[in-house]
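Asker: sequence first, predicted model second:
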2 protein chains.
Amino acid sequence: MAKNLKMKAARALKDYTQQDLAEICQVSRQTINAIEKGEYNPTIHLCVAICKALDKSLDELFWEEET
Amino acid sequence: MAKNLKMKAARALKDYTQQDLAEICQVSRQTINAIEKGEYNPTIHLCVAICKALDKSLDELFWEEET
DNA sequence: ACAAAATGTAAAATATAGTTGACAAAAAGT
DNA sequence: ACTTTTTGTCAACTATATTTTACATTTTGT
């Protein structure tokens, strides 16, 4: 899996630390870190929570062009 | 969780059975069934595969308005 | 240079996504 | 009415998302 730089950028735009975002989404900091690093595929529910926290759409942050 | 009727409708529009969609997405028929029934949250990777199979966007099929 | 905050990372545990096989109920075809 | 296809559902299993604890590294602030 590829790194999620779009998510990292959107988080930076909001001036949230990984910890901040984790708390808003009610997951651990490591989970946010792992998603940004592309280490695993989060559930859609978590993706939606992240999108709402960052004021972005699913397509903006999580669409994957490659197979 | 709520039923995913938008996904069911998009599948109907393509004239795919749950089995058809499952094979395209390389998951079991029961998994597709469970997602349409709203029994669990799929991973983003699977959501993207479903969207591609049904020619829909993530926002069209998987955005959740409620918390 | 130093301290504090933020990020990267790893191992062991838990929760839940997804599989497999099997059968019943409902819908569609003839 | 009958047969076939599709869908719903259940139980036991496997794979993996996510947690917790803990520590090292990097970045930021003073």
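Answerer: Perfect, I can see it now.

Asker: A:E65: what's it in contact with?
Answerer: By CB atoms under 8 Å, 6 or more residues apart in numbering or on different chains, no residues touch A:E65. In short, each C-beta sits where N, CA and C put it, glycine included.

Asker: just to be sure, it is in a strand?
Answerer: No: secondary structure of A:E65 (DSSP: H, G, I helix; E, B strand; the rest coil): coil, not part of a strand.

Asker: which parts of chain A sit against DNA strand D?
Answerer: Residues of chain A lying close to DNA strand D (CB under 7 Å from any atom of the strand) are A:26-31, A:34-35, A:40-43, A:46.

Asker: would you list those in CSV and tack on pLDDT and distance to A:E64?
Answerer: CSV is the format used below for the residues of chain A next to DNA strand D (pLDDT from 0 to 100; distance: CB to CB, whole Å):
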residue, pLDDT, distance to A:E64
A:Q26, 97, 25
A:V27, 97, 21
A:S28, 97, 24
A:R29, 97, 24
A:Q30, 97, 22
A:T31, 97, 19
A:A34, 97, 16
A:I35, 97, 13
A:Y40, 86, 13
A:N41, 91, 9
A:P42, 97, 12
A:T43, 96, 15
A:L46, 97, 16
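
Asker: report whether the helix or strand where A:L61 lies contacts DNA strand C.
Answerer: Assigned by DSSP states H and E, A:L61 belongs to helix A:58-62. No: using CB under 7 Å from any atom of the strand, helix A:58-62 stays clear of DNA strand C, coming no nearer than 13.7 Å.

Asker: show me where pLDDT drops low in chain A?
Answerer: A:67 (pLDDT under 70).

Asker: get me the contact residues on chain A for chain B.
Answerer: Selection of chain A residues close to chain B by CB under 8 Å from any CB of the partner chain yields A:1, A:41-48, A:57-59, A:62-64.

Asker: now for those, which pair is the farthest apart?
Answerer: Greatest spacing in the residues of chain A next to chain B, by CB to CB: A:M1 and A:S57 (20.1 Å).

Asker: and these two? which has more neighbours close in?
Answerer: A:S57 (16 against 12; other CB atoms under 10 Å in any protein chain shown).
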